[in-house]
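**Q** Prediction below, plus the sequence it came from.
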Amino acid sequence: MSEPIALTDPEVFEQTTHDAVTALFAHVERARRGEIPATGFAPIQEVRRALQVDDWIDKGGMDRTAFQAFLQAYLAYSVQMHHPRFIGHQVSVPDFPGTLAAVINGVLNNPMAIYEMGPAPATLELSVINWMLRQVGWPEQPFPGEPERDHAGGVLTHGGSLGNLTCLLAARARIAPNAWQTGTPSDLAVLAPAVSHYSCARAVSILGLGAQAIYGLPTDALGVVIPDRIDDVLAQVEADGRRPMALIANACATATGLHDPLRRIGQLCRARGIWFHADACHGATALLAPQSRRWLDGIELANSIVWDTHKMMQVPVLCAAVLLRDAADFARAFRQDASYLAWDDDGESYSPMKRAVECTKASLSLKVFLTLAWRGQDALGDFVDDRYAAARRFAALIAARPGFSVPYTPESNILCFRYRDDDALQPAIRERLLKSKRFHITSTMLGERHYLRLTVMNGATTEATIEDLLDAIEQVAEDLSAPS
Ligand SMILES: Cc1ncc(COP(=O)(O)O)c(C=O)c1O
């Protein structure tokens, strides 16, 4: 018999973890001070060689010393989220309490399917969900053993994409209660603005409706829904012999960070009896933010909401919440039994798997709980207000620089801009910056035109960072136009 390893060897566990934490915190400090490149972007074969991936997989044998060397290489080829020049994608710069939770989860490994496999995380999950329901203004779910009443409900899940799928599954169960048994009827339609996150269209196809069941909602040039013209689309749906299964609105849209007018859309959906899904993956944390909450006005009219805590709540990836205004819609959506799992309510336990696509899922609740408990919800709301305000200041600063244009005033921490009136130039600039490892920014299309795009996730990103970025963009554009 070989010696037991890993966590059963306290010395190896403690020392190696200590090494890793020391190295990680030194690394984060260097990133925060901008002393290392913002990203470890490199061609995949280079990364493969540098990390000696194949050797390690084939031969094994890593020990404490080798691990330290490997970790340094791994860090160098990663994206440095804590770097002020990481202004790229909508992923949180993780704060310490959530990171701590990730370590604890990695050790305890309680799978969040049934209560008996994790009473503490299951209890935290119900409490965190109830906290979220309170932010929306929906009635909380009674704990097992408390008097029953009509209530909203929710579940934590592995990401907003799975969240959107779960919400559309619930919408399907409302309009086609037998679909679980007999399949998805072919006459259903989903209404959504074209700028919706791609996971919505995926969910429609996964549910068996087919992509042609999606009807684009009328929008302005920036992709924001125009409620007054929704009835025209509904008339078309009816003329095509279809029934509207759900209407999706963005709070906020991925590309622009702009919000659809939720209240007016919600009122219309109520009047027409249509399931209203608010994709608030990015924006829902603004419910905690005194200044920015107004963008979510009317969200309580939705039937379903998705809220990613791994975006603006500074929780490490990943943890999304699916919230349904009527908790009974979960039971309509998932109609299954599994005799080998005790998932019936006994008045003393709560098993999240009845509401989730996953069987095993991580103990996601601890990350959100510790973030709330440690930082407090006011500080989290202030962070959102601060970053949304920073994005508005950055947009003004960019617009003031000759050669740059900004198509709208940001409503969140996502902003778009262009340098010169040249569509090919924008993605070329972004690619050069990424390969130089100096800045991590993104690009997108608004209508037919290409734009550069920033997501200001990072508390360390300041006006000075943006001035440096604009200098770099001017330089790159000059290099690109120079004869080779
Ligand atoms: C509006 C919106 N919905 C859904 C998603 C997908 O969320 P996740 O990446 O957690 O699957 C995103 C992610 O960027 C988003 O911005």
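**A** Received, thanks. Bear in mind that the values here come from a model prediction, so they are computed numbers and not experimental data.

**Q** can we go C-alpha only for contacts and neighbour counts from here?
**A** OK.

**Q** From start to finish, how long is stretch 41-54 in a straight line?
**A** 20 Å (Cα to Cα, to the nearest Å).

**Q** as a whole number, average confidence for it?
**A** The average pLDDT for stretch 41-54 rounds to 97.

**Q** how about Ala249, what does it touch?
**A** Taking Cα atoms under 8 Å, 6 or more residues apart in numbering, we find Ala249 in contact with Ala192, Pro193, Ser196, Val225, Asp260, Leu262, Ile265, Phe276, His277, Ala278, Asp279.

**Q** thought the fourth one was touching Pro218?
**A** In other words, Val225. Yes. Using Cα atoms under 8 Å, Val225 is in contact with Pro218, at 5.8 Å.

**Q** Mutual contacts of these two, please.
**A** Residues touching both Val225 and Pro218 (Cα under 8 Å, 6+ apart): Pro193.

**Q** Which of those two has more residues huddled nearby?
**A** Using other Cα atoms under 10 Å, the more surrounded residue of Val225 and Pro218 is Val225, with 26 against 21.

**Q** per-residue pLDDT, the more buried one?
**A** So, for Val225, pLDDT stands at 98.

**Q** In this protein, which residue is most central in space?
**A** What sits nearest the mean C-alpha location of the chain, by Cα atoms, centre = their mean, is Asp308, with 4.3 Å.

**Q** Can you name the residues bridging to it?
**A** Counting by DSSP bridges, Asp308 forms beta bridges with Ala320.

**Q** give the contact list for it.
**A** Residues in contact with Asp308, defined by Cα under 8 Å, 6+ apart, are Gly159, Gly160, Ala280, Cys281, His282, Ala284, Leu318, Cys319, Ala320, Ala321.

**Q** Help me confirm that the fifth one comes into contact with Gln314.
**A** Yep, that's His282 we're talking about. No. The criterion here is Cα under 8 Å, and His282 misses it with Gln314 at 11.6 Å.

**Q** Now do the same for the closest residue to the ligand within the stretch 251-400 of the chain: helix, strand or coil?
**A** Scanning the stretch 251-400 of the chain for proximity to the ligand using Cα to the nearest ligand atom identifies Thr254 as nearest, at 4.1 Å. Assigned state for Thr254: coil (three-state reduction, DSSP: H, G, I helix; E, B strand; the rest coil).

**Q** still on that earlier bit, show only the entries of the contacts of Asp308 found in helices.
**A** Among the contacts of Asp308, the members found in helices (DSSP state H) are Gly160.

**Q** Can you give me the pLDDT of the nearest residue to Trp374 once chain neighbours are set aside?
**A** Using Cα to Cα, 6 or more residues apart in numbering and skipping residues adjacent in sequence, the residue nearest Trp374 is Pro97, 6.6 Å away. Looking at Pro97, its pLDDT stands at 97.

**Q** hey, C-alpha coordinates of the strand or helix carrying Pro97 in CSV?
**A** Under the criterion of DSSP states H and E, Pro97 resides in helix 96-108. Extracted in CSV, the C-alpha atoms of helix 96-108 (Å, rounded to 0.1, in the frame of the first residue of the first chain):
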residue,chain,number,x,y,z
PHE,A,96,-10.9,38.2,0.2
PRO,A,97,-14.0,36.7,1.9
GLY,A,98,-15.2,34.9,-1.2
THR,A,99,-11.6,33.7,-1.9
LEU,A,100,-11.4,32.3,1.6
ALA,A,101,-14.7,30.5,1.1
ALA,A,102,-13.3,29.0,-2.1
VAL,A,103,-10.4,27.5,-0.1
ILE,A,104,-12.8,26.2,2.6
ASN,A,105,-15.0,24.6,-0.1
GLY,A,106,-12.0,23.0,-1.7
VAL,A,107,-11.2,21.3,1.5
LEU,A,108,-14.7,20.3,2.8
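
**Q** So which bits of that helix are buried?
**A** Residues Phe96, Pro97, Gly98, Thr99, Leu100, Ala101, Ala102, Asn105 are the ones in helix 96-108 that count as buried (16 or more other Cα atoms under 10 Å).

**Q** where along this protein do the strands fall?
**A** Assigned by DSSP state E, the strands in the chain fall at 153-157, 188-192, 214-216, 243-250, 276-279, 304-308, 320-324, 404-405, 414-419, 442-446, 449-455.

**Q** Would you mind reformatting these (as JSON lines) and adding columns for mean pLDDT while you're at it?
**A** Below are these laid out as JSON lines (pLDDT from 0 to 100):
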{"stretch": "strand 153-157", "mean pLDDT": "98"}
{"stretch": "strand 188-192", "mean pLDDT": "98"}
{"stretch": "strand 214-216", "mean pLDDT": "98"}
{"stretch": "strand 243-250", "mean pLDDT": "98"}
{"stretch": "strand 276-279", "mean pLDDT": "98"}
{"stretch": "strand 304-308", "mean pLDDT": "98"}
{"stretch": "strand 320-324", "mean pLDDT": "98"}
{"stretch": "strand 404-405", "mean pLDDT": "98"}
{"stretch": "strand 414-419", "mean pLDDT": "98"}
{"stretch": "strand 442-446", "mean pLDDT": "96"}
{"stretch": "strand 449-455", "mean pLDDT": "98"}
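
**Q** tally of neighbours for the residue nearest to Arg453 when sequence neighbours are not counted?
**A** Closest residue to Arg453 apart from its sequence neighbours, by Cα to Cα, 6+ apart: Cys416 at 4.4 Å. Cys416 has 26 neighbouring residues, counting by other Cα under 10 Å.

**Q** Cys416: what's it in contact with?
**A** Going by Cα under 8 Å, 6+ apart, Cys416 touches Thr256, Val406, Pro407, Tyr408, Tyr451, Leu452, Arg453, Leu454.

**Q** His158 is in contact with Cys359, correct?
**A** No. Judged on Cα under 8 Å, Cys359 makes no contact with His158 at a distance of 11.3 Å.

**Q** of these two, who's got more company?
**A** Each of Cys359 and His158 has its neighbours counted (other Cα under 10 Å); His158 has more, 19 against 14.

**Q** hang on, the earlier thing: could you dump the contacts of Asp308 into CSV and include distance to Asn110 and neighbour count?
**A** What follows is those, written out as CSV (distance: Cα to Cα, whole Å; neighbours: other Cα atoms under 10 Å):
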residue, distance to Asn110, neighbour count
Gly159, 19, 20
Gly160, 22, 29
Ala280, 28, 25
Cys281, 25, 30
His282, 27, 27
Ala284, 27, 28
Leu318, 16, 20
Cys319, 15, 23
Ala320, 18, 26
Ala321, 19, 27
